[in-house]
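Participant: please work out how this folds:
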Amino acid sequence: MNIYRKKLLNAVLFFASNTKRVNLGKLSKLLYFLDFIYFNQTGYPSIGLKYYTFEKGPVPRDFWLEIRDADVPEDFKGKIVLIRRTDDFAPNYKEVEIRAREKPDLSVFTPREIEILNNLAFVYKEATASDMSEVTHLPKQPWDITRREKGKNQPIDYLVSIGEESAVSLDDAADSLKEHFEVVHNFGIKPTK
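Facilitator: Predicted structure coming up:
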């Protein structure tokens, strides 16, 4: 398992262990916050998932496709449990609840990433995915900008998040992001299958 896949697994374990009501929607938003906050501070994404403008918010599409049917990926088996939830009154409704079966290995994260993970768990401990949409859907935020400019189901560019309050400049962030994805591509170390 490569470092980005390990980070993804351990972020899932961390959020499933430290927040309540973790379903696929809430997990998608927490992973998005982790990646984009870290990117804003360093110019590199934490995990490097590619997020898309789904109807209910930013979604790491490739990972979502891996687990949306409550099928645990082979390398995550024994570590997480995925439970499919349906609603008798809404036959088209289905949701996947995520539960941790072991503790996360925080040694795969930097101290800055651990601080972000802890802050996110504290802020969103009791929140539902719907509650979190109020934040991810704010005007002038990456999901909103991408949705307005490109439409639904479009990739969200990390660079859209760089602003005056960012710890890195747009040029430095662009260089870092390009370098990150070149390394991921050249060494075949994507966080998703």
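
Participant: can you pull out the strands in this protein?
Facilitator: 51-54, 57-60, 80-87, 90-100 (DSSP state E).

Participant: I'd like the distance between Phe54 and Ile67.
Facilitator: Here the criterion is CB to CB, to the nearest Å. By it, Phe54 lies 15 Å from Ile67. Using the backbone N, CA and C atoms, a C-beta is placed for each residue, glycine as well.

Participant: swap that for Lys7, please
Facilitator: Counting by CB to CB, the gap from Lys7 to Ile67 is 16 Å.

Participant: so these two - more neighbours on which side?
Facilitator: It is Lys7, of Lys7 and Ile67, that has more neighbours when counted by other CB atoms under 10 Å, with 25 against 18.

Participant: tell me the contacts of that one?
Facilitator: 46-47, 108-109, 113, 191 (CB atoms under 8 Å, 6 or more residues apart in numbering).

Participant: also Phe54?
Facilitator: Counting by CB under 8 Å, 6+ apart, the residues that Phe54 touches are 28, 61, 152-153.

Participant: per-residue pLDDT, the residue positioned nearest the centre of the chain?
Facilitator: Among the residues of the chain, Leu31 comes closest to the average C-alpha position under CA atoms, centre = their mean, at 2.1 Å. At Leu31 the predicted local distance difference test score is 98.

Participant: Lys94 too?
Facilitator: The per-residue confidence score, pLDDT, reads 73 for Lys94.

Participant: and Val81, by the same measure?
Facilitator: As predicted, Val81 sits at a pLDDT of 95.

Participant: Arg99 is in contact with that one, correct?
Facilitator: Yes. Shown here, Val81 and Arg99 form a contact pair, counting by CB atoms under 8 Å, at 4.4 Å.

Participant: how much space separates the nearest residue to the residue nearest to the centre of the chain once chain neighbours are set aside from Phe54?
Facilitator: For Leu31, the nearest residue in space outside its immediate sequence neighbours is Pro60; the separation is 5.6 Å by CB to CB, 6 or more residues apart in numbering. To Phe54, Pro60 is 10 Å away according to CB to CB.

Participant: also Val22?
Facilitator: The spacing between Val22 and Phe54, counted by CB to CB, is 17 Å.

Participant: Ser107 now?
Facilitator: Separation of Ser107 from Phe54 (CB to CB): 32 Å.

Participant: repeat that for Asn186.
Facilitator: According to CB to CB, Asn186 stands 29 Å off from Phe54.

Participant: next: Leu30.
Facilitator: In this view, Leu30 and Phe54 are 15 Å apart by CB to CB.

Participant: any idea which helix or strand of the chain has the worst average confidence?
Facilitator: strand 90-100 (a mean of 80; mean pLDDT, DSSP states H and E).

Participant: low-scoring stretches of this structure, by residue?
Facilitator: Flagging of the chain using pLDDT under 70 yields the residue ranges 87-93.
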